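Student: here you go, sequence then predicted model.
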Amino acid sequence: KNQVEQSPQSLIILEGKNCTLQCNYTVSPFSNLRWYKQDTGRGPVSLTIMTFSENTKSNGRYTATLDADTKQSSLHITASQLSDSASYICVVSARYSGGYQKVTFGTGTKLQVIP
Amino acid sequence: GAVVSQHPSRVICKSGTSVKIECRSLDFQATTMFWYRQFPKKSLMLMATSNEGSKATYEQGVEKDKFLINHASLTLSTLTVTSAHPEDSSFYICSAREGLAGSSYEQYFGPGTRLTVT
């Protein structure tokens, strides 16, 4: 069964500090992994997308890493800002024969940045 | 990035009534649209996938007669919750993609619709 687990479930950090969110998956056959940011009461917004051959991808202060061998990904946020307070969702796609893709969502990490 | 809009953003309806939620892709043609629901502190759960001009494919456990999905054009999909009950209260999010289901095109999410059934 395809699963995506994220840790920690929630996190509180001081403004300006760095943090790292984790994502472990058992999705197979792996196609790509995305990190999304979801503000409360809003739809998810894509931060990064990585395929099998990519092991790091940056988007401003967000840096995602991927280890396809251990099936782990992390999202590192540098110099956090109050506006980073949101849920961060790891989404992994499986691609089957015939090209069909199925997406599995993680349960998310709720990040709160405090002054 | 591409923009997906949803309307309304919030809706309150009485038990037994039906409510329609619209999802529009504003600057691209969405061959495929997805409908999700999200309960508080939970992840998104895929309800159905629809390709423009064809019937939606529903996930296991989702009642197709209760959640009517229409994807009549490349920029508009609608979700109608029929005979709504309080347990249907949830956050409904649509997503749109240019390619057919299974393609690797980016999925863009709408802002969501908060449905409250009283």
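Tutor: Cool, the structure landed.
Student: alpha carbons only for contacts and neighbour counts from here, please
Tutor: OK.
Student: residues contacting A:V4?
Tutor: A:C23, A:N24, A:Y25, A:T26, A:V27, A:C90, A:V91, A:V92, A:T104, A:F105, A:G106, A:T107 (CA atoms under 8 Å, 6 or more residues apart in numbering or on different chains).
Student: just put those residues in CSV and tack on pLDDT, distance to chain B and neighbour count.
Tutor: Listed next are the contacts of A:V4 as CSV, based on pLDDT from 0 to 100; distance: CA to the nearest CA, whole Å; neighbours: other CA atoms under 10 Å in any protein chain shown:
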residue, pLDDT, distance to chain B, neighbour count
A:C23, 98, 14, 26
A:N24, 97, 15, 20
A:Y25, 96, 15, 23
A:T26, 94, 17, 17
A:V27, 90, 15, 22
A:C90, 96, 10, 30
A:V91, 94, 10, 24
A:V92, 93, 12, 28
A:T104, 90, 9, 21
A:F105, 92, 7, 23
A:G106, 93, 6, 23
A:T107, 88, 5, 22
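Student: so in chain A, where's the weakest helix or strand by average pLDDT?
Tutor: Ranking every helix and strand in chain A by mean pLDDT, DSSP states H and E puts strand A:101-105 at the bottom, with a mean of 85.
Student: which outside residues touch the following helix or strand past that strand?
Tutor: Proceeding N to C from strand A:101-105, the next assigned helix or strand is strand A:109-114, under DSSP states H and E. Strand A:109-114 is contacted by residues A:6-15, A:21, A:80-89 when judged by CA under 8 Å, 6+ apart.
Student: try stretch A:10-25
Tutor: Contacts to stretch A:10-25, defined as CA under 8 Å, 6+ apart, come from residues A:2-8, A:71-82, A:90, A:92, A:106, A:109-115.
Student: inside strands: which ones of those residues?
Tutor: A:4-7, A:72-77, A:90, A:92, A:109-114 (DSSP state E).
Student: give the buried subset of those residues as a ChimeraX selection command.
Tutor: Of those, the buried ones go into a single ChimeraX selection, burial set by 16 or more other CA atoms under 10 Å in any protein chain shown:
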select /A:4,5,6,7,72,73,74,75,76,77,90,92,109,110,111,112,113
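Student: where exactly do the strands run in chain B?
Tutor: B:4-7, B:10-13, B:19-25, B:32-38, B:45-51, B:57-58, B:67-73, B:76-81, B:90-97, B:108-109, B:113-117.
Student: describe which strands the last one pairs with in its sheet and in which direction.
Tutor: Strand B:113-117 has its sheet partners listed here by DSSP bridges as strand B:10-13 (parallel), strand B:90-97 (antiparallel).
Student: neighbours of residue 81, how many?
Tutor: This is for chain A. The tally of other residues near A:Q81 (other CA atoms under 10 Å in any protein chain shown) stands at 19.
Student: should've been chain B
Tutor: So B:V81, with other CA under 10 Å, has 21 neighbours.
Student: give me the nearest residue to it, chain neighbours excluded.
Tutor: Ranked by CA to CA, 6 or more residues apart in numbering or on different chains and with sequence neighbours excluded, the top spatial neighbour of B:V81 is B:F67, at 4.9 Å.
Student: who are the contact partners of the one you found?
Tutor: Counting by CA under 8 Å, 6+ apart, B:F67 touches B:L79, B:T80, B:V81, B:T82.
Student: which of these lies closest to chain A?
Tutor: The nearest member of the contacts of B:F67 to chain A, counting by CA to the nearest CA, is B:L79 at 16.2 Å.
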